[in-house]
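**Q** Provide a 3D model corresponding to the input given below.
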Amino acid sequence: MHELVNGIVPIEAGEQERLIQVRDLRETTQRLYEAVGVPRADARLMADLQVETDVRGVHSHGTRAVPGYLKRIQTGHTNPKPEIRVVREGPASATVDGDGCLGHLASYRAMQLAIAKADKLGIAATTVINSRHYGAAACYATMALDRDMIGFCVSSSSRGVAPYGGIDRLLGNHALAYAIPAGREYPIVLDMATGRSAWGRVGTMRLYGRKLDGEWVLDEDGQVTDDPHRAHALVAPGGAKGSGLNVVMDVLSGILPFCLATVNREDEYQGQRRASHFFQAIKIETFCDVSDFKLEVDRMIQAIRASRPKEGVDRIYAPGEIEWLKKAAWEKTGIPMHKTHVESLEKAAEELGVEVAF
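**A** As a prediction, this is how the structure comes out:
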């Protein structure tokens with residue numbers, strides 16, 4: 001057992017892990033992107049967003065994705081020097097064309113636009129088209145927090161989730177996030193996929209040699225399996241309700257921006273090719289006093305935390321609280337990362353002639 005902070009956050013590397021300092025990981029990630037032609041400012045933003053994801057403990061959507069993104073740039077799948085532009089705009093809306101960019105870049109700009117418009121009008125929404133995988137949804141939703149706004153975003157997806165009662169990989173596994181300001185407590189951040197988990201999380205369990213707990217995935221025959229190697233289709237959480245939520249998120253992230261649903265995405269649109277996203281910002285003071293809002297959010301969090309845990313549960317956490325605790329600890333101690341994850345970055349660096357900082 002290695003040392004824990006707050007009884008839940010490991011601050012030492014386990015047997016399968018290495019401890020990597022945040023600054024070193026950020027510097028190495030930026031160098032890798034620059035090596036494949038990504039401009040310095042964009043490379044820095046990519047590093048900031050992906051390392052922020054790792055420091056929150058969401059490794060499936062952090063720098064573990066970097067080698068794959070680099071390959072996509074090298075093969076022409078992703079444009080390293082896009083001309084990102086607004087192609088449709090209204091007072092409280094905009095559509096951003098990513099020009100085949102790394103999805104993080106257009107998403108960051110689109111959320112900035114939504115926040116700026118909401119600051120003037122109270123609520124605003126933007127979409128992105130011609131994008132790629134946008135990483136962790138929380139990166140963009142949390143941008144609204146410092147402006148005393150509620151942030152929301154959701155992305156299109158390749159097929160990967162079986163509809164309720166079905167077997168086939170037909171629906172998307174849409175990454176979505178809400179970020180809600182609080183007062184003394186950590187902000188509420190709901191960062192999730194519309195399947196039982198992100199596919200990257202299934203990959204993490206495979207990486208660590210762990211079984212899946214509960215009804216995560218179906219095998220080729222439509223049977224529930226706890227073996228991540230046999231995963232064929234994800235299950236939507238909550239049965240019919242979760243499946244219904246999946247469909248609605250597809251409307252917001254696929255049909256509204258791009259007029260294309262996941263079920264109709266053929267090979268040309270798979271693998272996050274021509275991805276699309278939706279972003280929204282809500283200015284709290286448009287509806288109520290910000291101080292009163294934050295106070296009540298705090299009271300809600302505290303009531304949840306003080307409620308009785310069931311047997312085998314030490315305490316109850318609010319959405320996103322564990323990730324905030326990891327961030328607070330790991331920014332000081334470094335991030336425990338699986339050795340295979342680190343080695344994949346080192347291999348990419350060797351292939352590109354880049355010096356790693358860790």
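
**Q** check which residues of the longest helix seen in the chain are buried.
**A** Counting by DSSP state H, the longest helix found in the chain is helix 103-121. Of the residues in helix 103-121, 103-115, 117-118 count as buried by neighbour count, 16 or more other CB atoms under 10 Å. Just so you know, the C-beta spots here come from the backbone N, C-alpha and C atoms, and that holds for glycine as well.

**Q** kindly report the same for stretch 230-241.
**A** For stretch 230-241, by 16+ other CB under 10 Å, it's 231-237.

**Q** now the angle from the helix or strand following the longest helix of the chain to helix 103-121?
**A** As assigned by DSSP states H and E, the chain's next helix or strand after helix 103-121 is strand 123-131. Put simply, strand 123-131 runs at 160 degrees to helix 103-121, going by axes from the mean of the first three to the mean of the last three CA atoms, to 10 degrees.

**Q** pLDDT of the longest helix of the chain, averaged?
**A** Throughout helix 103-121, pLDDT has a mean value of 98.

**Q** try stretch 280-300
**A** Mean predicted lDDT for stretch 280-300 stands at 98.

**Q** quick check: buried residues in it?
**A** Result for stretch 280-300 [16+ other CB under 10 Å]: buried residues 280-284, 293-294, 297.

**Q** and those residues, which two are the farthest apart?
**A** The distance between the two most remote of the buried residues of stretch 280-300 (CB to CB) is 19.7 Å, for 280 and 294.

**Q** any low-confidence regions in the stretch 201-350 of the chain?
**A** Where the stretch 201-350 of the chain drops to pLDDT under 70, the residues are 268-271.

**Q** list the contacts for residue 49?
**A** 104, 108, 135-136, 139 (CB atoms under 8 Å, 6 or more residues apart in numbering).

**Q** just how off-centre is the helix or strand hosting it within its chain?
**A** Element membership for residue 49 (DSSP H and E) is helix 40-55. How far helix 40-55 lies from its chain's middle: 13 Å, per CA atoms, centre = their mean, to the nearest Å.

**Q** got the contact list for the helix or strand following it?
**A** Beyond helix 40-55 in the direction of the C-terminus, DSSP H and E gives the next helix or strand as helix 66-74. For helix 66-74, contacts defined as CB under 8 Å, 6+ apart pick out 29, 32-33, 36-38, 46, 50, 78-80, 102, 132-133, 344-345, 347-348, 352.
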